[in-house]
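# Here is a sequence with its predicted model. Questions after.
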Amino acid sequence: MKIVVRCTQAAGLFVAALFLGCGELAKKESPLGLIVTPPSYYTTVRARYLGEKYKENLQRLVDRVVQNSVTGKLQFANNIASVGGVGFFTHSATKSFDERYLEVMLGAPDVFEGSVDFNSKVDRLFSQYGSELLSILASDLEIYKDREVAGYGLNFSWRNILQAPSGPRVTLERAVVYVTKGDVHKFSSREVGQTELLGAAVIFALQEEGPARLVSYLPQAARGAAQPPPQRERSEKGAEAKPDMSPKIQEYDLAPQKEEKKGLPPVTKAPARDQPAKKQEEVKRQEEGSKRAEETRRQQEAKRREDDAKRAEEAKRQDEAKQRAEAKREAAAKPAEITKQEELRRQEEARKREETAKRQEEAERQEEAKRVEAARLGEMAKQEELKRRQEAKKREEEAKRAEEAKRQEEAKQQTEARRATAAKLAEMTKQEELKRQEEVRKREEAAKRAVEARQQEEGKRQEEARRAEAARLAEIARQEELKRREQESKRAEAARKKEAEELALKAKEEPFKSPLAKDSAPQTGVKSPAQKEAKIEKPETSTATLKPSLPPSAPTATPKQTGPSYVVQLSFVGKEEAKRWFDRLRQQGYSASMSVTGEGETIRLRVGNFPSHGEASRVLGKLREEEGIKGIVIEAAN
């Protein structure tokens, strides 16, 4: 197998546009999201589930592939121009519905001759990169253990150099190898080799924009001596002998089955079912814009090349004119004896200079063509980069709009929550206000009842005061009546004494009296009818006043009062109780006296001789509070 590595041919320019040069590719990490196929691209539930679940896992696998020293030479596909460099895809030869494989789409830097058969190319690429890629993909244990993932897919694309009458032509070819997890495990544990693994795999072949063909891998008996390593240059002495590499690919007719592989050309010319119509229209518009930009750029390049050619032609003419003028001056200066051989020599030198100038001009034209082509490719790369940035900006704007919508929704929810809280607080405040009003009403009613109770108590006290006043007035009236009766008794006693004196005088004047007169004379110890009548009129049976001796601290004499005086009158049923209180009050410094009523049951105890009713009332209140004694204030008889 011959691998072409030189870029001096014209087809190398197109190769540089696709893979940024010949030989080993520089490692370049693609931005996040431009290699991993987005979940929204898939059409089945299983594919979208896997894409969403293992999005971060796929990005880690991409980083490992890029950073690996062997697989870092490969170039991932970009989902701006295709469906992405890695994702979960299916193919038309699966045994069950919607079988999904973890597939990577990579471009190889190797360039093959068109005469090399497909099996040799697949064998070579798999031996260089396949083992390392499968090891990286199977290292993710989460995906490896997921039963929804049937296996792994390796999608290789490369360039072929075809020899044509018009010159070498570059074509693109692709191979997609699908292997199950079980076969990968056997291959990793060295239970099977590369030949057995590829023999059990499902392989599709694609040429340019042609349909996908299901092929079988058929190993060759002896291939090692005829397969030079990549990057090997041809011998400058001539072409090497080529072994027999006739194609050994078995092709099968495949009717449309299940969902076709994403990123592969469909078996029929109908558009892929997984690609939405909106995306197809967007791609079409982008292609039309790219064509218009390419046409404008080609016109500008053609005009620039035409101007450069005119300037080069003008410089050439001026140089030739200068050379001819120089030759004329030299010919004029030379002597006439210049021989014919010298003239021929000069002509030969002029011819050689002209050929050299032509070769230089041709080289400059080729160099200019290379620069133009490189500029065109750079412009295309710039357009792709601009398109990628626009897509990235659009996604960022969509993300910002989604974030803004989310913030607005959160703000709306917070506003609703605040409103609900405010309504709840208002309801609570209303309930609290009603409760407070109820409590105020209850307090007002309680205060009203207390006022009424106080009013009733005050009325009761006033009634008791009126009753006490009425009793006092009655007592005063009774005292006045007693005083009046005592005065009448005194007057009757005085009249009796006077009558007795008159009778005594009559007896002296008349010593001899009749028995009637004797009987009518007063006898000792016999009361007269007037005395008996006076005795019956007195309400009290005894007016004797108990006057026990006063304590040493009590005053021995009381100044005579000119105005009315008042005493506190207390009543007791038993004599002993009255005597006990009599002694106790005298010990406290009060003047006291006792008297017995006419019934002989109630003993009246009078305390003090106070100049005013208020002072007597204060003493009565003090006795009531301290001793618990009830009584009344009356005016004392002078």
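Noted; the coordinates are in hand.

# other SSEs contacting the helix or strand hosting V440?
Applying DSSP states H and E as the criterion places V440 in helix 340-509. Taking 3 or more CB pairs under 8 Å, 6 or more residues apart in numbering; DSSP states H and E as contact, the helices and strands that helix 340-509 lies on are helix 11-19, helix 277-333, helix 529-537, strand 631-636. Heads up, the C-betas are built off the backbone N, CA and C, glycines and all.

# which residues of the chain score low on pLDDT?
Applying pLDDT under 70 to the predicted model, the residue ranges of the chain that meet it are 1-34, 78-84, 220-276, 278-279, 331-339, 510-563, 598-601, 637-638.

# From the centroid of it, which residue is nearest?
Note on the chain: the residue nearest the mean C-alpha position is E410, at 9.3 Å, using CA atoms, centre = their mean.

# Assumed V122 was part of a helix.
Yes. The assignment for V122 (DSSP: H, G, I helix; E, B strand; the rest coil) places it in a helix.

# Any idea what the nearest residue to it once chain neighbours are set aside is bridged to?
Spatial nearest neighbour of V122, excluding adjacent residues (CB to CB, 6 or more residues apart in numbering): A175 at 5.1 Å. Beta bridges link A175 to F156, A205 when assigned by DSSP bridges.

# Identify the residues contacting A175.
For A175, the contacting residues are F118, K121, V122, L125, N155, F156, I203, F204, A205, L206, taking CB atoms under 8 Å, 6 or more residues apart in numbering as the criterion.

# distance of it from V66?
A175 sits 21 Å away from V66 when distances are taken as CB to CB, to the nearest Å.

# With K340 instead?
Applying CB to CB, the value for K340 to V66 is 73 Å.

# The two - which one has more neighbours?
V66 (17 against 7; other CB atoms under 10 Å).

# what element comes up after the host helix or strand of that one heading to the C-terminus?
According to DSSP H and E, V66 maps onto helix 55-67. The first helix or strand that comes after helix 55-67 along the chain, using DSSP H and E, is strand 75-76.

# Distance from the chain centre to that following strand, please.
On the basis of CA atoms, centre = their mean, to the nearest Å, the separation between the geometric centre of strand 75-76 and that of its chain is 41 Å.

# Direction included, what does that strand pair against?
Sheet pairing of strand 75-76 (DSSP bridges) gives strand 100-113 (antiparallel).

# just to revisit the earlier point, okay if I get the contacts of A175 as CSV plus neighbour count and distance to Q479?
As requested, those are exported to CSV (neighbours: other CB atoms under 10 Å; distance: CB to CB, whole Å):
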residue, neighbour count, distance to Q479
F118, 21, 154
K121, 21, 153
V122, 22, 150
L125, 22, 148
N155, 23, 139
F156, 24, 144
I203, 22, 147
F204, 24, 145
A205, 19, 150
L206, 19, 147
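
# got a markdown table for those, with distance to T195 too?
A markdown table is the format used below for the contacts of A175 (distance: CB to CB, whole Å):
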| residue | distance to T195 |
| --- | --- |
| F118 | 15 |
| K121 | 15 |
| V122 | 11 |
| L125 | 15 |
| N155 | 21 |
| F156 | 17 |
| I203 | 13 |
| F204 | 19 |
| A205 | 18 |
| L206 | 23 |
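
# Go through those residues and name the one nearest E391.
Sorting the contacts of A175 by distance to E391 puts N155 at the head of the list, at 22.6 Å, by CB to CB.

# distance of the closest one from L74?
Here the distance between N155 and L74 works out to 11 Å (CB to CB).

# again with V215
To L74, V215 is 22 Å away according to CB to CB.

# So for the two, which residue has more residues nearby?
Neighbours were counted for V215 and for L74 using other CB under 10 Å; L74 has more, 25 against 20.

# Could you measure from that one over to A212?
According to CB to CB, L74 and A212 sit 21 Å apart.

# How much space separates the closest residue in space to N609 that isn't next to it in sequence from A465?
For N609, the nearest residue in space outside its immediate sequence neighbours is S565; the separation is 5.0 Å by CB to CB, 6+ apart. Using CB to CB, one obtains 22 Å as the distance from S565 to A465.

# Same drill for these two, tell me which one is more crowded.
The residue with more neighbours, out of S565 and A465, is S565; 18 against 10, by other CB under 10 Å.

# What does the more buried one show for phi and psi?
phi -120, psi 160 (degrees, to the nearest 10).

# How about D117?
phi -80, psi 160.

# mind listing the strands for the stretch 151-300 of the chain?
167-180, 202-207, 213-215 (DSSP state E, counting those that start in this stretch).
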